[in-house]
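Undergrad: sequence and predicted model, in that order:
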Amino acid sequence: MKIETNAVVAFHYTLTDLDGKEIETSRTRAQPQLYLHGHKGLIPGLETALEGKSAGDQFDVTVAMELAYGPRVEGRVQRVPLKRLAKAGKLSVGQLVQVQSDQGSQVAVVKKIGMTVADLDLNHPLAGKALKFAIEIKDVRAATEDEIKHGHAHGDGGTTH
Ligand code: ZN
């Protein structure tokens with residue numbers, strides 16, 4: 001079947017910046033990336049590019065910053081007590097940490113470390129960047145009722161959470 005709303009898609013991707021520098025790949029993982037199409041599980045530009053494709057298709061797509069993680073917002077810096085980041089272990093500048101914000105749990109980048117506080121940049125690490133994906137679609141199937149109800153894909157043909 002072709003990728004459409006409520007299709008569950010398994011795909012491999014390699015994400016690079018526009019200079020071809022690798023940022024992330026699914027190919028080192030045991031399983032391809034899984035998502036439920038049409039439920040905002042992926043960045044908008046990637047979801048649009050996958051629409052109508054089928055298993056076996058391979059293609060490259062360049063996603064504009066606006067359709068990826070959006071622009072960087074200067075000043076989105078939050079100062080947090082180090083003890084709130086204790087779980088992160090020994091911190092270093094540039095490290096990614098998980099923090100709670102108004103929008104729930106999110107990834108932040110450590111900008112500066114003081115004696116008792118750290119400054120975190122709350123912009124998504126890929127904000128402000130156009131992204132290039134090399135995609136290979138491994139499988140497309142219809143979602144189960146549970147998957148549609150939950151708004152996400154389940155593993156092993158829809159059975160595991
Ligand atoms: Zn679920």
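TA: That came through, no problem.
Undergrad: can we go C-alpha only for contacts and neighbour counts from here?
TA: Noted.
Undergrad: measure the most centrally placed residue in the chain to residue 110 for me?
TA: To find the centre residue of the chain, average its C-alpha atoms and take the closest one (Cα atoms, centre = their mean): that gives residue 42, at 6.7 Å. Shown here: residue 42 relative to residue 110, a distance of 25 Å by Cα to Cα, to the nearest Å.
Undergrad: how is this protein partitioned into domains?
TA: Structural domains of the chain, as assigned by automatic domain parsing, span the residue ranges 7-69+127-150, 77-121.
Undergrad: quick revisit: ok, and the closest non-adjacent residue to the residue nearest to the centre of the chain?
TA: Ranked by Cα to Cα, 6 or more residues apart in numbering and with sequence neighbours excluded, the top spatial neighbour of residue 42 is residue 35, at 7.6 Å.
Undergrad: for the one you found, give the beta-bridge partners.
TA: When bridges are called by DSSP bridges, residue 35 pairs up with residue 9.
Undergrad: so who does it touch?
TA: The contact partners of residue 35, by Cα atoms under 8 Å, 6 or more residues apart in numbering, come to 8-10, 41-42, 152-153.
Undergrad: please repeat the previous calculation with a cut-off of 6 Å.
TA: If you count contacts by Cα atoms under 6 Å, 6 or more residues apart in numbering, residue 35 has them with 8-9, 153.
Undergrad: next: residue 15.
TA: Counted by Cα under 6 Å, 6+ apart, residue 15 has contacts 22-25, 132-133.
Undergrad: counting by contacts, list what the longest strand seen in the chain packs against.
TA: When every strand of the chain is counted residue by residue (DSSP state E), the longest turns out to be strand 131-142. Using 3 or more Cα pairs under 6 Å, 6 or more residues apart in numbering; DSSP states H and E as the contact criterion, the elements in contact with strand 131-142 are strand 7-16, strand 58-63.
Undergrad: the first one to strand 131-142, inter-axis angle?
TA: Note on geometry: by axes from the mean of the first three to the mean of the last three Cα atoms, to 10 degrees, strand 7-16 and strand 131-142 are set 160 degrees apart in direction.
Undergrad: angle of strand 7-16 against strand 58-63?
TA: Our comparison of strand 7-16 with strand 58-63, counting by the same axes, to 10 degrees, yields an angle of 70 degrees.
Undergrad: next SSE downstream of strand 7-16?
TA: Secondary structure here is assigned by DSSP states H and E; on that basis, the next helix or strand after strand 7-16 toward the C-terminus is strand 22-25.
Undergrad: tell me where the protein has helices.
TA: Counting by DSSP state H, residue ranges of the helices within the chain are 44-50, 145-150, 155-158.
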